[in-house]
Every structure is written in C-alpha cells, then in structure tokens.
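> could you work out the structure for the sequence below:
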Amino acid sequence: MKKSLRLTAVVLLCTACAPAAKTTPVPATSTVAASAPVSLSAGSGPQAPGGTVPASIGIGWDQASKDAAVDAAQKAMADFARPGVEDKQWANDLARWLTPQATADYSAVDPANVPATRVTGPATLTVDEANGYGVMASVPTDAGTYTVQLLRTGPEAPWKVNRLTPPNP
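Got it, this is the predicted structure:
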C-alpha cells in the first residue's frame with residue numbers, strides 16, 4: 001500500500017512539473033472573408049457558374065438506359081423475393097445486383113423474413129430526366145409493389161440496386 005502511495009505521489013509531482021502547452025487565444029472580433037461568392041440554394045438563385053444548370057447531370061436518358069434499369073430492377077427483385085433459399089445462397093445471388101453499400105446492408109437480412117415470393121408484373125420507372133445517374137422503379141410482387149432505387153456511375157456502367165423498399169402496409 002505504501003509503495004502504491006509513493007508511486008502515485010511521484011506521478012503527481014512529475015505531472016505538476018511538466019511545462020504547460022502555450023496557446024494564444026483567437027481574438028473574439030476576428031472575421032473570415034469569403035474567397036469566392038457563396039452559391040445560393042435552389043429557388044433562391046443560381047448555383048452554377050453563369051446562372052445555368054445543365055439539362056442533364058452528366059448522363060442523358062435513352063431507351064437502352066431505361067430498358068437496362070427495368071431489367072436490373074426485375075432481376076434483383078426476383079432474386080430478393082425468395083424466402084425459402086438458404087441465407088448464404090440468397091445473399092450471394094442478390095449481391096450481383098447491389099451497390100457495395102447495399103451489399104453490406106442486405107448481408108444481415110434473413111430471407112425467411114422477406115414477404116414476397118415472386119415478381120408479378122413488369123417494373124415501371126419514375127425517371128428524373130435531369131439525373132441520368134439514378135432512377136426509381138416500382139416492381140409488383142405477390143406481397144405488393146416494392147420501390148427499387150437504382151444507381152449507376154456512368155453511361156456504360158451497369159445499374160445497381162441501392163435500396164429495396166417494401167410496400168406500405
């Protein structure tokens with residue numbers, strides 16, 4: 001006990017002798033000047049140089065893009081709607097359609113908890129013509145219509161599912 005008290009006293013003494021860090025406080029009245037004009041939010045003014053926003057953000061829509069998105073949504077939903085498949089097989093089959101984030105998110109899903117067992121009709125898209133990087137698809141199943149968010153990284157890149165949202169109860 002005496003040894004631990006002596007050790008504690010030595011540590012405290014050494015700590016008290018250590019030099020304190022020198023800091024200089026910033027004056028309360030200092031200000032920072034912006035080096036460029038701040039862009040305004042939507043509805044309050046332009047955000048792009050010259051006040052214009054491109055008609056499409058990088059990728060335009062064509063029928064081939066829409067067809068590929070519909071195909072990916074339907075195939076992903078078909079692989080998702082298999083509650084009787086063994087966990088590992090289900091996750092591996094579904095992963096080919098998913099973004100890396102979705103692969104991580106859905107890896108913990110137990111397929112036995114998926115209420116849908118089959119796709120019952122063709123997917124339909126809700127396309128934002130100004131954004132060729134993402135699209136929402138509605139995919140009918142025997143448990144209701146799922147909303148499938150699809151993303152791509154470029155015009156030639158495959159569509160990947162980022163989220164499968166079940167129907168509202």
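> which stretches in the chain count as helices?
Under the criterion DSSP state H, the chain contains helices at 2-17, 63-80, 87-95, 100-106.
> least confident of these, on average?
Ranked by mean pLDDT, the helices of the chain bottom out at helix 2-17, with a mean of 45.
> how many neighbours does Arg163 have?
17 (other C-beta atoms under 10 Å). No exception for glycine: its C-beta is placed from N, CA and C like everyone else's.
> what's near enough to touch it?
Listed by C-beta atoms under 8 Å, 6 or more residues apart in numbering, the contact set of Arg163 reads 102, 147-149.
> that one pairs with what?
Judged by DSSP bridges, the bridge partners of Arg163 are Gln149.
> just the pLDDT for it.
Here the pLDDT value assigned to Arg163 is 97.
> ok, and for stretch 112-126, which residues are buried?
For stretch 112-126, the neighbour count (16 or more other C-beta atoms under 10 Å) marks 114, 116, 119, 123, 125 as buried.
> check stretch 125-144 too.
Here stretch 125-144 shows 125, 132-141, 143 as buried, counting by 16+ other C-beta under 10 Å.
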